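1. sequence? don't have it. structure:
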């Protein structure tokens, strides 16, 4: 959680599945975080693309709504990634 909060301030945080997958394809992701209740199809896609670039994927102990609050957004967030 501290890692997410720190990178939120620096602007190195990517929010969302589509933007994360696009960043993985560009080889610019250092780490991926998934919410605890992330839909299985989304987590499978992110883990699949992350495996190509050997990006570590961490499953958080918080739900989508709490992750949205941590990222200071008024919506649910399932996937967050940190740029290199």
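-> Received, thanks. Keep in mind it's a predicted model, so treat the numbers as computed, not measured.

2. The protein: strands as residue ranges?
-> Per DSSP state E, the chain carries strands over the ranges 13-15, 29-34, 57-59, 79-83.

3. buried sites along the longest one?
-> Within strand 29-34, the residues that qualify as buried by neighbour count (16 or more other Cβ atoms under 10 Å) are 29, 31-34. Quick note: C-beta positions are derived from backbone N, CA and C, even for glycine.

4. and the lowest-mean-pLDDT helix or strand in the chain, what does it pack onto?
-> Lowest on mean pLDDT, DSSP states H and E among the helices and strands of the chain sits helix 2-10, with a mean of 86. Applying 3 or more Cβ pairs under 8 Å, 6 or more residues apart in numbering; DSSP states H and E, we find helix 2-10 packed against strand 79-83.

5. relative orientation of the strand it packs on and helix 2-10 in degrees?
-> Here the directions of strand 79-83 and helix 2-10 differ by 70 degrees (axes from the mean of the first three to the mean of the last three Cα atoms, to 10 degrees).
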